[in-house]
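Q: structure for the following, please:
(one chain, ligands or ions: 1)
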Amino acid sequence: MDRILVLVRHGQSEWNLKNLFTGWKDPGLTEKGIAEAKAAGERLKRKGLKFDIAYTSVLTRAQHTLDLMLAELGQTGLKTVKDQALNERDYGDLTGLNKDDARKKWGEEQVLVWRRSYDVPPPGGESLKDTLARALPYYMTHIQPDVLSGKSVLVAAHGNSLRSLIMAIEGLTPAEILKRELETGVPVFYRLKADSRPEKIEILNG
Ligand SMILES: O=C(O)[C@@H](CO)OP(=O)(O)O
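A: Prediction:
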């Protein structure tokens with residue numbers, strides 16, 4: 001039985017382009033982001049994948065990315081479940097600030113701690129640990145059971161919500177997940193074993 005799970009971070013958004021902390025804000029995709037999402041769909045198609053269900057967040061950039069991938073796959077209209085649990089981490093008071101301006105104001109190191117530490121939240125926002133605390137239960141009760149029942153599942157979400165899931169799926173430590181970056185529009189392909197651990201991991205970047 002095939003147990004296929006593909007995670008895709010949305011294509012470049014308007015706020016990625018402007019270098020702004022985005023979190024729960026809802027900017028659309030740029031032209032580049034649209035092209036990245038289409039390219040992701042093409043790669044999935046080239047791999048011969050067909051999906052049984054898709055999951056995404058309630059944010060436009062992830063939903064649009066999913067729609068563009070499904071169009072490339074010839075799977076427009078696939079059953080899709082949208083849930084806030086898959087949203088980007090909430091960036092709190094940093095939301096809307098320029099990342100370079102924030103570095104000038106608070107220093108390189110502090111901003112890196114807010115962006116990539118495991119359990120230090122940005123002021124008024126969510127740490128990766130907080131993000132995991134709401135994304136993982138959703139994964140365990142909705143997405144994983146679908147995959148383990150033999151469905152092929154496509155998830156379009158966000159840099160940090162997906163990093164938190166990757167940490168759990170791959171069994172990474174907080175130190176290991178800090179170094180793991182997700183590129184926009186690059187699918188991460190998993191074949192899971194019956195015990196839910198990955199037997200194959202492939203980054204579809206070419
Ligand atoms: O701004 C954000 O919401 C995220 C993703 O773009 O940024 P970061 O790279 O700091 O996690």
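Q: contacts for the lowest-mean-pLDDT helix or strand in the chain, please.
A: When each helix and strand of the chain is scored by mean pLDDT, DSSP states H and E, helix 174-178 comes last, with a mean of 93. Residues from elsewhere that reach helix 174-178, judged by Cβ atoms under 8 Å, 6 or more residues apart in numbering: 116-119, 128, 163-164, 166-167. Heads up, the C-betas are built off the backbone N, CA and C, glycines and all.
Q: for these, pick the one with the most neighbours.
A: Of all the contacts of helix 174-178, S164 has the most neighbours under the rule other Cβ atoms under 10 Å, reaching 28 neighbours.
Q: so that one makes contact with P137?
A: No - with contacts defined as Cβ atoms under 8 Å, S164 does not count as touching P137, sitting 11.2 Å away.
Q: is the ligand within reach of stretch 86-104?
A: Yes - remark: stretch 86-104 sits within contact range of the ligand at 88, 91, by Cβ under 6 Å from any ligand atom.
Q: could you look up the SS state of the residue of the chain found nearest the ligand?
A: The ligand sits closest to T22 of the chain, with a gap of 3.5 Å, by Cβ to the nearest ligand atom. When classified by DSSP: H, G, I helix; E, B strand; the rest coil, T22 comes out as coil.
Q: equivalent analysis for T76, please.
A: T76 - assigned by three-state DSSP - is coil.
Q: list the contacts for the residue lying closest to it once chain neighbours are set aside?
A: Nearest residue to T76, sequence neighbours excluded (Cβ to Cβ, 6 or more residues apart in numbering): L70, at 5.3 Å. The neighbours of L70, taking Cβ under 8 Å, 6+ apart as the test, are 41, 51, 54, 76-78, 154.
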